[in-house]
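[1] Next comes the sequence, and after it the predicted model I'd like to discuss.
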Amino acid sequence: MFEEIKSLLVEEMSIDESEIKEDAEFINDLGFNSLEIADLVALCEDKYEIDLDEDKIREITTVGDFIKYLESLVG
Amino acid sequence: MKKIEKDVPHAKTLRAIAKYNAVKRPEKVAFRYLGENKEIIELTYGEYGEVVENMICALKAGGFEGKRIAIIGETCYEWIASYYAIISAGAVAIPFDKELAYDQIRGFLDVAEAHGIIMSPKYSQKYEELKAAGVFDNLELVVRVDDGTEWTVEDEKLVKFSEFVKRGEGLERESDADIMRKQSRGDMSIMLFTSGTTGTSKCVMLSERNQIACVKSAVKATDFYEHDVMLSVLPIHHTYELTINVAIQSLGATVCINDSLKNVVKSMGIFKPTGIVIVPLFATTFQKKIMDSVRKKGKETQLKLGMAASTAARKVGFDMRRKLFSEILSAFGGNLRKIICGGAAMNPDLMKFFENLGITLCEGYGITECSPLIAVNPYYARKKGSVGPACDCCEARIDAEEVDENGNLTGEIQVRGENVMLGYYKNPEANADVFTEDGWFRTGDVGHMDKDGYLYITGRCKSVIVLENGKNVFPEEIEEYLEDVKEIAECVVVGRKRDGGEEVVLTAVVYPDFNAYEKDADIADIASDIKEKITALNKKLPSFKQIRNIEIRKTEFEKTTTRKIKRFLVK
């Protein structure tokens, strides 16, 4: 899953590959704003055909936590 | 672009707007939105007018005239119809931010002495939690906008929106003269809570007259017309979004509703809007997306050359932008021609960027206390870096304090006119602070005015932090939350610009309680401990209020004689 999300971040959101680590924070380390987070959510929802909960997303700060949440839904 | 004179003389009240459209263009689509299965649903002005009229009757028959009713949730036509109907029935509408915590909602309902609440479909799913949190305890009416799903009703206060509207069917409708009489008195019709806790928030009182004054000004200052299709993407409880929505309806244009932040670009593809009203965060993100996509395709040089060629061609009367950049424009639905941007400071270069692509971006300036419109950089005579001259509904002046390095008289922007609020609810102290002795409203924004009356905003003299997404953060509120972290002795929250750009990052400047640590504790360890505590606190806050950056200082803050921190010294 990490590799999949990494390539999505690199290809779709133009994030520098070397910056993408499990403990990287979307806002502080990767420079995301709230709209870009919303974009990432939309991309993942389409890719995995799932619905992500907005309240849950609000609590997530790192790439690792985001992946854990995705894994809990994708199974 | 040439100035086109337009007016909406029928728009004397909200009800008059709905009624006029229902008669003049009953078949015209007022709202377009997506249903449960992503199918497009349309509501005509005829249908919308009926909903509003019936709801007015239902509210009056239910004895709600003069009472106060909150509206909360995602944008839907029922939210907007409720707003029209509550105000038109002589009641008071209280638009709430759907991101408020339950105890804040309960607190604000109590402060406003509210009698009822109306909730959008998605927000209604929180009904049980809201009930358990005691939100409905002091209310007599709870309306849930139904989305077709079944739910059992075991609360006598609770009613479905469709059923509530039905209560007004066949009842005698109030005459226009009665409604006009009420509106001309300028009574309070809208209560808006500035963000903050119940203790720190202020409640702005607006009249319908305030709102209508802004609507008429918005119509004149923007290039929207009856044939336009607008995509609504900002939260509907903001006066900025609401006012533009009403202005669009006063013209008889169509409003499309974006259902979620994550679907903005998809919605543009589906609804193909001609216009959009946004905050700077959207404009910068759109620009970034466009440039990313151009870069990926290796078409940077092509874009640069195209822009230069089209600029040259325009000088001799040929406009090729829409054709040249059709691929880029197609990502926004293909029809987008106008953007209104406001709510926070915008990078002035964005105007040129979108102009080069064939999209007119006009920056506006407003504040909730002015319902909210103060100025718009007019489509027919824009000036770079300006928010334009004061709108028709008001006058602006600069309370000049100093001359800046360019020779401009700079000071606080002050406003008076039809758009200025009635005052803060039950808050004489705040009212005394915010109005000058000669009756002008102090905006708290600092700037200057050129010889043509165009305003340029250069800073703020109030502590409120305005984020790029238009959200206001009151540092005092965040500092109140930080009091719970016992390792922090003193703290000031400020907004720092990231890397010289326009993005504002919420920063806590912290003086730790060194007694809470070992005597020889390393400052880096203290910093990391405090960061951990603040990260935990952040999880309880809506994302826009979360602290993104922490700065540790080793000395106490300088204080006044009354032991208050001199926050203006914290740079």
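    That came through fine. Numbers count the residues shown, from 1 in each chain, chains lettered A, B, ... in the order given.
[2] what separates residue B:267 from residue A:54, distance-wise?
    Per CB to CB, to the nearest Å, residue B:267 is found 16 Å from residue A:54. For every residue, glycine as well, the C-beta is placed using N, CA and C.
[3] Who has more neighbours out of these two?
    Of the pair residue B:267 and residue A:54, residue B:267 is the one with more neighbours under other CB atoms under 10 Å in any protein chain shown, namely 22 against 15.
[4] C-alpha coordinates for the longest helix along chain A, CSV please?
    Ranked by residue count under DSSP state H, the longest helix found in chain A is helix A:34-48. Taking C-alpha atoms only, helix A:34-48 is exported to CSV below (Å, rounded to 0.1, in the frame of the first residue of the first chain):
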residue,chain,number,x,y,z
SER,A,34,-6.8,21.5,2.8
LEU,A,35,-7.9,21.4,-0.8
GLU,A,36,-5.0,19.1,-1.8
ILE,A,37,-5.9,16.8,1.1
ALA,A,38,-9.4,16.7,-0.3
ASP,A,39,-7.9,15.9,-3.7
LEU,A,40,-5.9,13.0,-2.3
VAL,A,41,-9.1,11.7,-0.6
ALA,A,42,-10.9,11.8,-4.0
LEU,A,43,-8.1,10.0,-5.8
CYS,A,44,-8.0,7.2,-3.2
GLU,A,45,-11.8,6.9,-3.2
ASP,A,46,-11.7,6.4,-6.9
LYS,A,47,-8.7,4.1,-6.9
TYR,A,48,-9.9,1.7,-4.2
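[5] Contacts made by it with the rest, please.
    A:4-5, A:8-9, A:12-13, A:26-27, A:32, A:50-52, A:57, A:66, A:70, A:73-74, B:260-266, B:281-282, B:285, B:469, B:543-544 (CB atoms under 8 Å, 6 or more residues apart in numbering or on different chains).
[6] Can you select the buried ones from these in ChimeraX?
    With 16 or more other CB atoms under 10 Å in any protein chain shown as the burial test, the buried ones among the contacts of helix A:34-48 are selected in ChimeraX as follows:
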select /A:5,8,9,13,26,27,32,52,57,66,70 /B:260,261,262,263,264,265,266,281,282,285,469,543,544
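[7] Chain B against chain A: which residues are in contact?
    With CB under 8 Å from any CB of the partner chain as the criterion, chain B meets chain A at residues B:260-266, B:281-282, B:285, B:292, B:295-296, B:468-469, B:498, B:503, B:535, B:538-539, B:542-544, B:548-549.
[8] out of these, which are inside helices?
    When helices are assigned by DSSP H, the members of the residues of chain B next to chain A inside them are B:264, B:265, B:266, B:281, B:282, B:285, B:292, B:295, B:296, B:535, B:538.
[9] what's the distance between the second one and residue B:16?
    Right, the one you point to is residue B:265. Counting by CB to CB, the gap from residue B:265 to residue B:16 is 36 Å.
[10] Next: the first one.
    Using CB to CB, one gets 32 Å for the distance from residue B:264 to residue B:16.
[11] repeat for the fourth one
    In this structure, residue B:281 and residue B:16 are 35 Å apart, going by CB to CB.
[12] before we move on, what about the last one?
    Applying CB to CB, one obtains 46 Å for the distance of residue B:538 from residue B:16.
[13] Over to the third one?
    Using CB to CB, one gets 35 Å for the distance from residue B:266 to residue B:16.
[14] Show me what the lowest-mean-pLDDT helix or strand in chain A is in contact with.
    For chain A, using mean pLDDT, DSSP states H and E, the weakest element among its helices and strands is helix A:54-59, scoring a mean of 82. Counting by CB under 8 Å, 6+ apart, helix A:54-59 makes contact with A:37, A:41, A:69, B:260, B:539, B:542, B:543, all of which sit outside it.
[15] what number of residues lie near residue A:71?
    12.
[16] List, one by one, the residues from chain A near chain B.
    A:13-14, A:27-28, A:31, A:33-36, A:38-39, A:41-42, A:45, A:54, A:58-59, A:61.
[17] Next, the contact list for the nearest residue to residue B:110 once chain neighbours are set aside, please.
    Excluding its sequence neighbours, the residue lying closest to residue B:110 (CB to CB, 6 or more residues apart in numbering or on different chains) is residue B:138, at 6.6 Å. Taking CB under 8 Å, 6+ apart as the definition of contact, the neighbours of residue B:138 are B:109, B:110, B:114.
[18] could you redo the residues you listed as CSV and give each row secondary structure, pLDDT and neighbour count?
    Formatted as CSV, the contacts of residue B:138 follow (DSSP: H, G, I helix; E, B strand; the rest coil; pLDDT from 0 to 100; neighbours: other CB atoms under 10 Å in any protein chain shown):
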residue, secondary structure, pLDDT, neighbour count
B:109, helix, 96, 22
B:110, helix, 94, 12
B:114, coil, 97, 22
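[19] Closest one of those to chain A?
    Closest approach between those and chain A, by CB to the nearest CB: residue B:109, at 21.5 Å.
[20] was I right about the closest one contacting residue B:140?
    No: judged on CB atoms under 8 Å, residue B:109 makes no contact with residue B:140 at a distance of 11.8 Å.
[21] And the residue nearest to residue B:110, how far from chain A?
    26 Å (CB to the nearest CB, to the nearest Å).
[22] three-state assignment of that residue?
    Recorded secondary structure, residue B:138: coil (DSSP: H, G, I helix; E, B strand; the rest coil).
[23] Residue B:94 too?
    Using three-state DSSP, the structure places residue B:94 in strand.
[24] Residue B:378 too?
    Assigned by three-state DSSP, the conformation of residue B:378 is coil.
[25] For chain A, see how far away it is.
    For residue B:378, the distance to chain A (CB to the nearest CB) stands at 27 Å.
[26] got it, and residue B:268?
    From residue B:268 over to chain A (counting by CB to the nearest CB), the distance is 13 Å.
[27] CA atoms only for the helix or strand that residue falls within, dumped as PDB, please.
    Assessed by DSSP states H and E, residue B:268 sits inside helix B:264-271. Taking only C-alpha atoms (Å, rounded to 0.1, in the frame of the first residue of the first chain), the coordinates of helix B:264-271 have been written out as PDB:
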ATOM      1  CA  VAL B 264     -14.700  20.500  -6.800                       C
ATOM      2  CA  VAL B 265     -12.900  19.600 -10.100                       C
ATOM      3  CA  LYS B 266     -15.400  16.800 -10.800                       C
ATOM      4  CA  SER B 267     -18.300  19.100 -10.200                       C
ATOM      5  CA  MET B 268     -16.800  21.600 -12.700                       C
ATOM      6  CA  GLY B 269     -16.700  18.800 -15.200                       C
ATOM      7  CA  ILE B 270     -20.300  17.800 -14.500                       C
ATOM      8  CA  PHE B 271     -22.000  21.300 -14.200                       C
END
